[in-house]
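Colleague: build the 3D model from these lines:
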Amino acid sequence: MIVKSYIFRLLTCIFAIICIFLSGCNKKDEACVSLKVLDESTNIIDIISEKYSNKDMFEEVQENKYTLDELNKIYPIEFVKKYTNEDELYFDVAYITSNGYIILHYDGSGNYVFGEDAIAERILNEFDALSIGDSIDDVKKIDENGKFTFLYTGRVDLPKISYHYTVDGYMVMIHYDSSCVITKIENKLI
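Modeller: Residues are numbered from 1 along each chain as shown. Prediction:
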């Protein structure tokens with residue numbers, strides 16, 4: 001009777017250890033988060049049910065550098081996508097705000113990397129007015145709140161790309177030559 005009880009406990013412990021091992025992350029450095037990762041074709045507008053008006057949210061996340069699990073406890077995550085870039089895994093989390101989006105980037109371990117507080121005032125088809133050969137001034141007439149970071153970094157080795165977010169859930173990327181003339185326009189879902 002004692003031997004059976006001992007064997008039962010031993011088998012139970014072994015089974016529990018196996019379950020814990022199998023339920024853990026299956027890739028090295030991949031975040032162990034209990035979030036539903038969305039497909040790349042999912043539009044943020046169709047998923048998000050809560051719009052944040054807290055102007056301090058972005059600064060709070062920037063300052064505290066919450067992990068994905070910590071962030072989810074404070075600001076429940078409804079929108080997360082997983083990407084790979086040069087064999088590196090990362091996650092993008094996004095929230096809709098009263099003036100656009102907060103987009104937070106995490107590494108494969110679920111650690112905060114950086115974030116963006118993006119203003120969105122235009123819809124995607126408004127960018128159809130732009131063509132290859134137009135100037136950056138033409139772009140600024142459509143979206144003066146775009147991210148034109150390459151203009152202010154002082155580095156000439158960075159690609160000349162401006163980023164624009166739309167209220168209908170897209171990010172428009174506009175590529176320029178050395179004279180700030182449009183060479184390519186592309187878009188993707190946030």
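
Colleague: could you report the neighbour count for Phe150?
Modeller: Neighbour count of Phe150, defined by other C-beta atoms under 10 Å: 18. C-beta coordinates here come from the backbone N, C-alpha and C atoms, glycine included.

Colleague: now swap in the one 5 residues further on and tell me
Modeller: Neighbouring residues of Arg155 were enumerated by other C-beta under 10 Å; the total is 7.

Colleague: need the contact list for the residue nearest to Asn72 when sequence neighbours are not counted.
Modeller: In space, and not counting its chain neighbours, Asn72 is closest to Leu35: 6.5 Å by C-beta to C-beta, 6 or more residues apart in numbering. Leu35 makes contact with 68, 72, 77, 80, according to C-beta atoms under 8 Å, 6 or more residues apart in numbering.

Colleague: pull the most distant pair out of those residues.
Modeller: Asn72 and Val80 (8.9 Å; C-beta to C-beta).

Colleague: of these two, which one has the most company?
Modeller: Legend: neighbour count by other C-beta under 10 Å for Asn72 and Val80, higher for Val80 (21 against 18).

Colleague: who are the contact partners of the more buried one?
Modeller: Contacts for Val80 (C-beta under 8 Å, 6+ apart) come out as 33, 35-38, 68, 91-94.

Colleague: what segments of the chain are strands?
Modeller: According to DSSP state E, the chain carries its strands in the segments 51-52, 80-85, 88-97, 100-107, 112-122, 161-166, 170-176, 182-189.

Colleague: so which of those strands gets nearest Asp128?
Modeller: Among the strands of the chain, strand 182-189 comes nearest to Asp128, with 9.1 Å by C-beta to C-beta.

Colleague: name the residues of the closest one that are buried.
Modeller: Neighbour-count burial for strand 182-189 flags 182, 185, 189 (criterion: 16 or more other C-beta atoms under 10 Å).

Colleague: kindly report the same for stretch 95-108.
Modeller: By neighbour count on 16+ other C-beta under 10 Å, the buried set for stretch 95-108 is 95-97, 100-104, 106-108.

Colleague: same check on stretch 146-155?
Modeller: Burial within stretch 146-155, assessed by neighbour count using 16+ other C-beta under 10 Å, is assigned to 146-148, 150.

Colleague: quick one: the residue nearest to the spatial centre of the chain from Ile48, how far?
Modeller: Per C-alpha atoms, centre = their mean, the C-alpha nearest to the average position across the chain is that of Asp92, at 2.1 Å. As for Asp92, its distance to Ile48 is 14 Å (criterion: C-beta to C-beta, to the nearest Å).
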